[in-house]
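> Need a 3D model of the following:
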Amino acid sequence: MQEMTPRKVAVLSLNSSIKNGKYSNLELDAAIKKYGFEDKDKAFFTRLFYGTVERKITLDYVIKRLSSVKFEKIEPLVLCILETGLYQVFFMDKVPDSAACNESTELVKTTCPKSYAGYVNGIMRSAVREKKAILDEISHLTGSFGLSIKYSVPEWLCKMWERDYGESAKIVKALSRVKVGVALRVNTLKISAEELLSHLPEELDAKCVGNTSIVIPKSCVVTELYGYNEGLFFVQDPASTIVSSLVNKQSVKADKPFIVDTCSCPGGKSFSMAINLGNEAEMHSMDLHENRLRLVRSGAERLGITCIETHECDGRKPIEEFFGKADAVVCDVPCSGLGVIAKKPDIRYKTYAEIEKLPEVQYDILEASKNYLKDGGFIVYSTCTLRKAENQDVIEKFLKNNDDFELCPTGIFGDDVGMVTFLPHKTGTDGFFAAKLRKKK
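Next up, the predicted model:
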């Protein structure tokens, strides 16, 4: 049986991920479990696989520059070998160039027709020989094309961010590194952030962010951390925690608030709001698929949250039984996810056609969700994307068609309008958007 080295598995996982459209994080977890990688092998495989996915556009630019075969005609598995090999040459300083070349050539011999060995060896050795010149060439590329190649982000996306925010270079740079760590939302019903932090190993370099979150910058197994089984925390990025904080005891005055979370899975915002409200609310968490709602129920049980009831429901078809009852509604709508490409690098390769119609779905969910509110209640609309068509444009269309609603300040990052965009180079968080809409009395 051939040895399944981290390099070989990275090639096979990359090919599988691309061919089957599988999310890279799911492919990564499955491969680590299947081949039992631990310690150095696990770290090397993770870096090589994730890094290659993240840098694919840059790596393909180099391949096109050096290849004697047209890019479109390169065999898929051969292309994956070249991409992982070149990633080692250009982005993994601790890997000797000779090892990257030799191992890539050997991989061809064991996974592809041997006739490709000379081709791969030639490109790898040319890359090593011309490495400095290639990097210098890339550094001098300009405009949206230059940004695309430097940071491996599709050119259409660079152009869109420049049009929407005028700061595409800063946004792309801030989202150019894969985040390997994790953020925890502390269950303050049971423990404070400071106390939980005191139980975490020092080598994780964990730190508190505000009074409710802990950020761990290093890779770790969440389920093995102190307090997981006891429900002392759950995974939630600080941006999501901040958005969830808009629903709290100060903003909702009722003794037992009625809350609707229209697109709740996997449950993070529902959990966070329940904690904010001291587990003293009537919270209805909805989602399109029952199998996903099981995540909400199991998560709530682990955390000791008892105020959540789940409902299988299409967000565009509201439950009439709840009309006019809600103090607050959260619409964390399905979106393109372009604000979280630092954590999910494969998202950057979505095409415009894949996300073009999302604003229609988002608007329909927002329009349907307004029915739940009582007079004076408010809606929190949020996405984890940076795209005005899915954010400000949806809100402005809603306000134009619903004169009984008004924006009210979120207070997030000093917002006094009612709409706030989390630009990662300014906030240090994922890219997010939130708006707060109050139904007039």
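> pLDDT averaged over stretch 164-182 - what is it?
Across stretch 164-182, the average pLDDT comes to 87.
> Which residues outside it are in contact with it?
46, 50-51, 54, 144, 147, 151-153, 158-159, 161-162, 215-220, 222, 235, 339, 341-343, 345, 386-388, 421, 423-425, 431 (CB atoms under 8 Å, 6 or more residues apart in numbering). In this view, the C-beta of every residue, glycine as well, is placed from N, C-alpha and C.
> Give me the buried subset of those.
46, 50-51, 54, 144, 147, 151-153, 158-159, 161-162, 215-216, 220, 339, 341-343, 345, 386-388, 421, 423-424, 431 (16 or more other CB atoms under 10 Å).
> ok, how many other residues are close to Ser369?
By other CB atoms under 10 Å, 25 other residues sit near Ser369.
> swap in Ala31?
Ala31: 22 surrounding residues under other CB under 10 Å.
> please begin residue numbering at 27 from this point
Right, with 27 as the first residue, what we last looked at is Ala57.
> wait, doesn't it sit right on Pro32?
No - counting by CB atoms under 8 Å, Ala57 stays clear of Pro32, with 9.4 Å between them.
> Among the buried ones among the contacts of stretch 190-208, which ones are in helices?
72, 76-77, 80, 170, 173, 177, 184-185, 187-188, 450 (DSSP state H).
> biggest strand in the chain, by residue count?
For the chain, the strand with the greatest residue count under DSSP state E is strand 399-409.
> So which elements touch the helix or strand following that one?
Heading C-terminal from strand 399-409, the first helix or strand you meet, by DSSP states H and E, is helix 418-427. The contact analysis (3 or more CB pairs under 8 Å, 6 or more residues apart in numbering; DSSP states H and E) places helix 418-427 against helix 384-395, strand 431-433, strand 445-448, strand 458-465.
> Export only the CA atoms of helix 418-427, formatted as CSV.
Output in CSV follows, covering the C-alpha atoms of helix 418-427 (Å, rounded to 0.1, in the frame of the first residue of the first chain):
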residue,chain,number,x,y,z
GLN,A,418,-27.8,48.8,1.9
ASP,A,419,-29.8,48.3,-1.3
VAL,A,420,-32.1,45.7,0.3
ILE,A,421,-32.8,48.0,3.3
GLU,A,422,-33.4,51.1,1.2
LYS,A,423,-35.9,49.2,-1.0
PHE,A,424,-37.7,48.0,2.1
LEU,A,425,-38.0,51.4,3.6
LYS,A,426,-39.2,52.8,0.3
ASN,A,427,-42.0,50.2,0.3
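> what's the model's confidence in stretch 130-144, averaged?
Mean pLDDT, stretch 130-144: 88.
> actually stretch 211-231, not the one I typed
The predicted model assigns stretch 211-231 a mean pLDDT of 96.
> How about residues contacting that stretch?
Contacts of stretch 211-231 (CB under 8 Å, 6+ apart): 210, 232-234, 236-240, 242-244, 246, 251-253, 256-262, 266-267, 294, 297-298, 301, 304-305, 329-331.
> Please enumerate the shared neighbours of Ala57 and Pro32.
Common neighbours of Ala57 and Pro32 (CB under 8 Å, 6+ apart) are 63, 71.
> Show residues contacting stretch 72-85.
If you take CB under 8 Å, 6+ apart as the criterion, stretch 72-85 is touched by 32-33, 35-36, 39-40, 43, 50, 53-54, 57-58, 108-110, 112-114, 116-118, 164, 174-180, 202-204, 206, 245, 371-372, 374-375.
> ditto for stretch 409-427
The contact list for stretch 409-427 (CB under 8 Å, 6+ apart) reads 186-187, 190-191, 197, 265-266, 358-359, 361-366, 381, 384-385, 388-389, 392-393, 407, 431-433, 445, 447, 449, 456-459, 461, 463.
> Sort out which residues of that stretch are buried, please.
409-417, 420-421, 424.
> If I follow the layout properly, Ile391 ends up in contact with Thr288?
Yes - with contact defined as CB under 8 Å, Ile391 reaches Thr288; the gap is 6.2 Å.
> between those two, who's got more neighbours?
Ranked by neighbour count (other CB under 10 Å), Ile391 and Thr288 place Thr288 first, with 27 against 22.
> That one reaches Ser395, doesn't it?
Yes - counting by CB under 8 Å, Thr288 touches Ser395, with 5.1 Å between them.
> sorry, back to before: what about the longest strand of the chain, distance to the chain center?
Chain-centre distance of strand 399-409: 25 Å, with CA atoms, centre = their mean, to the nearest Å.
> CA atoms only: put that strand into CSV for me.
What follows is strand 399-409, C-alpha atoms only, in CSV (Å, rounded to 0.1, in the frame of the first residue of the first chain):
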residue,chain,number,x,y,z
LEU,A,399,-43.6,42.6,14.8
LYS,A,400,-45.8,44.4,17.2
ASP,A,401,-45.9,48.2,17.0
GLY,A,402,-42.7,49.6,18.4
GLY,A,403,-40.8,46.4,17.8
PHE,A,404,-37.7,46.2,15.7
ILE,A,405,-36.0,44.0,13.1
VAL,A,406,-32.2,43.4,13.0
TYR,A,407,-31.2,42.6,9.4
SER,A,408,-27.7,41.2,9.0
THR,A,409,-25.4,39.4,6.5
